[in-house]
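>>> Following is a predicted model, sequence given first.
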Amino acid sequence: MSTLAVPAQVPSPAEDSEQLKKAFKGWGTNEDLIISIVGHRNAAQRKAIRKTYAETYGEDLLKDLDKELSNDFERIVMLWTLDPAERDAFLANEATKKWTSSNQVLAEIACSRSSYGLLLAKQEYHSRYKKSLEEDVAHHTTGDFRKLLVPLVSSYRYEGYEVNMTLAKSEAKLLHERISDKEYNHEDIIRILATRSKAQINATLNHYKNEFGNDINKDLKADPKDEYLAILRSTIKCLIRPEKYFEKSLRLAINRLGTDEGALTRVVATRAEVDLKIIKEEYHKRNSVTLDQAIKKDTRGDYEAMLLALLGHENA
């Protein structure tokens, strides 16, 4: 589901390539022209533009963008220009090299993508970095984080809607027992979250709430400062209510003392062609201002214009 306002008559990849080349010429880069093209093309069109650009000029469009743009504007244009699988591979690799909230990003990629989407990202990771995402995650993490994240990124879940209610009841009971005993890193919890289909997990957690009175994430808030429990809660939210997870990510990114541009850029670039419309509705409901208004208030210039273009803003 795309929120992009793509014009009825989209120019050909050759025309777009020519215009982008023009945007890089002269005394300064024409950022408005770049936004008007890149910000209004879908994944297939962007791929065709990159291919045509390389064939026509013998140059890599991404390298030219990197050379001509800077800061947050450069990052959002670059992330958006990448294929979804390339983008996920890049973000995951970046996360394995950082220690700040990077485990959150790995859980997000592992749990909010479709099984096929995650598989494509892992294949892209192989060809880009000449190793597997699994080995980098294992190397980057330790202890409980490794115990949880390696199975999550290794997963290839069943995507169907069939649900085994007997299993949902027994596994809800099992989860409740482990959580009551504060065994948050127990292999049963990790096995269920890393292997069951999203539909099955949803049924299990619905039964958990009905049977034991609390939403599972409420029971996993025993220590709000515990980073492992925070990742566990994010994992669950990404698996069954991704729009709520991404709304909260945006809210935290925008409402903090100084915007977290990294999170804002990542969420908008990765969800614009997936479920940004639903996330925007969720954001409006939760914050009583629209996401467009919040972004206008918190960002400036070309970066703001590109974000609004990806939000499907009519004036972008």
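Cool, got the structure.
>>> tell me the pLDDT at residue 313?
Per-residue pLDDT puts residue 313 at 51.
>>> Give me the mean pLDDT for stretch 41-50.
For stretch 41-50, the per-residue pLDDT averages 97.
>>> Residue numbering should commence at 37 henceforth.
Noted, 37 is the first residue going forward, which turns the last one into stretch 77-86.
>>> contacts for it?
Applying Cβ atoms under 8 Å, 6 or more residues apart in numbering, the external contacts of stretch 77-86 come out as 38, 40, 42, 46, 49, 52-53, 56, 73-74, 96-98, 116-117, 119-120, 309. For every residue, glycine as well, the C-beta is placed using N, CA and C.
>>> just stretch 268-283 next, same as before
140, 143-144, 146-148, 184, 188, 220, 225, 229, 234, 237-238, 241, 252-253, 256-257, 284, 303, 307, 311, 314-315, 318-319, 322.
>>> Go ahead and confirm residue 154 touches residue 191.
Yes. If you go by Cβ atoms under 8 Å, residue 154 and residue 191 touch, sitting 7.2 Å apart.
>>> Give me the subset of the contacts of stretch 268-283 that lies in helices.
140, 143-144, 146-148, 184, 188, 225, 229, 234, 237-238, 241, 252-253, 284, 303, 307, 314-315, 318-319, 322 (DSSP state H).
>>> how near is the residue most central in space within the chain to residue 103?
Most central in the chain under Cα atoms, centre = their mean is residue 306, positioned 4.6 Å from the mean C-alpha point. According to Cβ to Cβ, to the nearest Å, residue 306 stands 24 Å off from residue 103.
>>> what's the neighbour count on residue 167?
12 (other Cβ atoms under 10 Å).
>>> Residue ranges in this protein under the pLDDT threshold?
Along the chain, the model assigns pLDDT under 70 to residues 37-44, 135-137, 292, 349-352.
>>> returning to what we had before: who are the contact partners of the residue nearest to the centre of the chain?
Residues near residue 306 by Cβ under 8 Å, 6+ apart: 115, 120, 123, 124, 127.
>>> Take those and lay them out in a markdown table including distance to residue 347, secondary structure and neighbour count.
What follows is these, written out as a markdown table (distance: Cβ to Cβ, whole Å; DSSP: H, G, I helix; E, B strand; the rest coil; neighbours: other Cβ atoms under 10 Å):
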| residue | distance to residue 347 | secondary structure | neighbour count |
| --- | --- | --- | --- |
| 115 | 15 | helix | 17 |
| 120 | 18 | helix | 17 |
| 123 | 18 | helix | 21 |
| 124 | 21 | helix | 25 |
| 127 | 20 | helix | 20 |
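>>> which one among those gets closest to residue 67?
residue 115 (16.1 Å; Cβ to Cβ).
>>> the strands in the stretch 137-286 of the chain, which residues?
Using DSSP state E, counting those that start in this stretch, the stretch 137-286 of the chain contains no strands.
>>> which neighbours do residue 154 and residue 191 share?
With Cβ under 8 Å, 6+ apart as the test, residue 154 and residue 191 both reach residue 146.
>>> The two: who's more crowded?
Neighbours per residue (other Cβ under 10 Å) separate residue 154 from residue 191, with residue 154 holding more: 24 against 16.
>>> who touches the more buried one in this structure?
So residue 154 contacts 124, 145, 146, 189, 191, 192 (Cβ under 8 Å, 6+ apart).
>>> Repeat the analysis, applying 10 Å as the threshold.
Residue 154 makes contacts with 121, 124, 128, 145-148, 169, 188-193, as judged by Cβ atoms under 10 Å, 6 or more residues apart in numbering.
>>> Could you export these to TSV, including columns for distance to residue 338?
Formatted as TSV, the contacts of residue 154 follow (distance: Cβ to Cβ, whole Å):
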residue	distance to residue 338
121	26
124	25
128	27
145	27
146	32
147	32
148	28
169	32
188	36
189	34
190	39
191	38
192	39
193	39
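>>> Which among these count as buried?
121, 124, 128, 145-148, 169, 188-191, 193 (16 or more other Cβ atoms under 10 Å).
>>> Dump those residues to a markdown table, plus distance to residue 327.
Below are those laid out as a markdown table (distance: Cβ to Cβ, whole Å):
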| residue | distance to residue 327 |
| --- | --- |
| 121 | 26 |
| 124 | 22 |
| 128 | 25 |
| 145 | 22 |
| 146 | 25 |
| 147 | 22 |
| 148 | 18 |
| 169 | 30 |
| 188 | 28 |
| 189 | 29 |
| 190 | 33 |
| 191 | 30 |
| 193 | 29 |
